[in-house]
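J.: here's my sequence, what's the structure:
(chains A and B, ligands or ions: 3)
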Amino acid sequence: MHEMSIAMSMIEIVREEMRKCDAKTLRSVRLNIGQMSAVVPEALSFCFEVITKGTEMEGARLMMDVIPLKGYCHTCEKEFEIKDYVFACPSCEGTSIEIISGRDLAVVEIEVD
Amino acid sequence: MKISVVRNILEANDRIAQQNRDLFTENGLLVINLMSSPGAGKTSLLEKTIDALKDDVGIGIIEGDIQSTQDAERIARKGVPAVQINTGGECHLDGNMIRDAFKEFDFENMDLLIVENVGNLVCPAEFKVGEDFKAMILSVTEGDDKPSKYPLMFRESKVLLINKIDLLPYVDCSLDRIKEDSLKINPDLSIFEISCKTGEGLEEWYEWLRERIKNREVIS
Ligand SMILES: Nc1nc2c(ncn2[C@@H]2O[C@H](COP(=O)(O)OP(=O)(O)O)[C@@H](O)[C@H]2O)c(=O)[nH]1
Ligand SMILES: [Mg+2]
Ligand SMILES: [Zn+2]
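T.: Ligands and ions are numbered 1, 2, ... in the order given. Okay, here's the model as predicted:
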């Protein structure tokens, strides 16, 4: 389970951001979790709870938005939702597909006091 | 007070991986991050590859395991330098661990560094270590449903080695299904069907790898 090391990296980022604005307590953190990322939201929640216990982050709400997997076809230059991890363009069947979202693993917002 | 942040959670690891990458490039090294579930045949493939290439390629191996130094000992017996990393519970290697391990090598005459990651089909795919590319092994005894169950690893890999094909007569596993499903996820995947036991299919892999090493040296 690597959610523990993900949670630690996340807390490092949150701590830095809190320091920047001189915040004392953390109310919530919002994350973007790509559909095609190796993170299980429940496991991440659990790790977050465990390692924030007794810190200025204890009790903060962790909100996770799962970002759907989307691709861009280099052949016909269209964007589309990638279904069942099939990396082929539904319009032209091209296979030169770039992932434009859905691999996310990011802190997008924090709420502090 | 709400503060907009937008920072990649893996940014610290990505940064270290990039530093490793720069160091490897400076030294003209080809670096492969080798992944699979436990027992698929990573160390066996390394042993075979070392035997085939070591006379004309400088090879170094980093062995990642949760515990024990057995794999590094297997590699050392082949006469190439091996550094063991014990993650003590972590399910993957990261940039930091590779940076430290790499310091142990005398890499002056090294052309190829292969990192055997911790046996796991999920986590290692998310953490860069500074590799040129990721390679994965799937053994036929694991079943042909694995590409659709672990799409991230198949998407992130440049090479898929389907191992233990000598056991095909004894298992219900369709090579066609593995290939078809993994090419849907990753149309650019290079696929090799191999047996580390009989040696079948390995020549093609050595050939492909030699070509990569050659091209790498031209770039740097
Ligand atoms: N029959 C057969 N067994 C293999 C083959 N490759 C590896 N093995 C066996 O599979 C087991 C695990 O191999 P190992 O290389 O240690 O896997 P690793 O955990 O991925 O490093 C060992 O007992 C090997 O002898 C193969 O191609 N055919
Ligand atoms: Mg091994
Ligand atoms: Zn298209």
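
J.: for residue 56, the count of nearby residues, please.
T.: Reading this off chain A. Using other CB atoms under 10 Å in any protein chain shown, residue A:56 is surrounded by 15 other residues. Every residue, glycine included, has its C-beta placed from N, CA and C.

J.: switch to chain B, please.
T.: Using other CB under 10 Å, residue B:56 is surrounded by 9 other residues.

J.: next, give phi and psi for residue B:163.
T.: phi -100, psi 170 (degrees, to the nearest 10).

J.: do the same with residue A:102
T.: Torsion angles, degrees, to the nearest 10, at residue A:102: phi 110, psi 0.

J.: what sits against it?
T.: A:34-37, A:67-70, A:82 (CB atoms under 8 Å, 6 or more residues apart in numbering or on different chains).

J.: hmm, residue A:60 is touching residue A:27, no?
T.: Yes: when contacts are counted by CB atoms under 8 Å, residue A:60 is listed as touching residue A:27 (6.0 Å).

J.: comparing the two, which shows the higher neighbour count?
T.: When residue A:60 and residue A:27 are compared for neighbours, residue A:60 comes out ahead with 20 against 15, by other CB under 10 Å.

J.: and the more buried one, how far from chain B?
T.: The spacing between residue A:60 and chain B, counted by CB to the nearest CB, to the nearest Å, is 13 Å.

J.: out of everything not next to it in sequence, what's closest to that residue?
T.: Nearest non-adjacent residue to residue A:60, counting by CB to CB, 6 or more residues apart in numbering or on different chains: residue A:26, 4.1 Å away.

J.: now do the strands in chain A.
T.: A:26-34, A:61-67, A:70-73, A:79-81, A:97-101, A:105-112 (DSSP state E).

J.: including mean pLDDT, could those go into CSV?
T.: Converted to CSV, the strands of chain A look like this (pLDDT from 0 to 100):
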stretch, mean pLDDT
strand A:26-34, 97
strand A:61-67, 97
strand A:70-73, 98
strand A:79-81, 98
strand A:97-101, 97
strand A:105-112, 98
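
J.: just tell me which of the ones you listed ends up closest to residue B:33.
T.: Closest approach to residue B:33 among the strands of chain A (CB to CB): strand A:105-112, 18.2 Å.

J.: and that closest one, which strands flank it?
T.: Strand A:105-112 has the following strand partners under DSSP bridges: strand A:26-34 (antiparallel), strand B:2-8 (antiparallel).

J.: I figured residue B:175 hits residue B:163, correct?
T.: No: the criterion here is CB under 8 Å, and residue B:175 misses it with residue B:163 at 11.5 Å.

J.: mind listing the shared neighbours of these two?
T.: Counting by CB under 8 Å, 6+ apart, the common neighbours of residue B:175 and residue B:163 are residue B:140.

J.: let me see the contact set for residue A:72.
T.: Applying CB under 8 Å, 6+ apart, the residues near residue A:72 are A:78-79, A:97-98, A:100.

J.: switch the cut-off to 7 Å
T.: Contact partners of residue A:72, counting by CB atoms under 7 Å, 6 or more residues apart in numbering or on different chains, are A:79, A:97-98, A:100.

J.: list buried residues within those residues.
T.: Buried members of those, scored by 16 or more other CB atoms under 10 Å in any protein chain shown, are residue A:97.

J.: quick one: low-confidence ranges for chain B?
T.: Within chain B, the ranges that satisfy pLDDT under 70 run B:217-220.

J.: list, one by one, the residues from chain A near ligand 3.
T.: A:73, A:75-76, A:89, A:91-92, A:94 (CB under 5 Å from the ion).

J.: and with 6 Å instead?
T.: Within reach of ligand 3 by CB under 6 Å from the ion, chain A has these residues: A:73, A:75-76, A:78, A:89, A:91-92, A:94.

J.: near ligand 1, from these?
T.: When CB under 6 Å from any ligand atom is applied, no member of these is adjacent to ligand 1.

J.: which ones are touching the closest residue to ligand 2 within chain B?
T.: Closest approach between chain B and ligand 2, counting by CB to the ion: residue B:43, at 3.4 Å. By CB under 7 Å, 6+ apart, the contact list for residue B:43 reads B:71, B:74, B:116.
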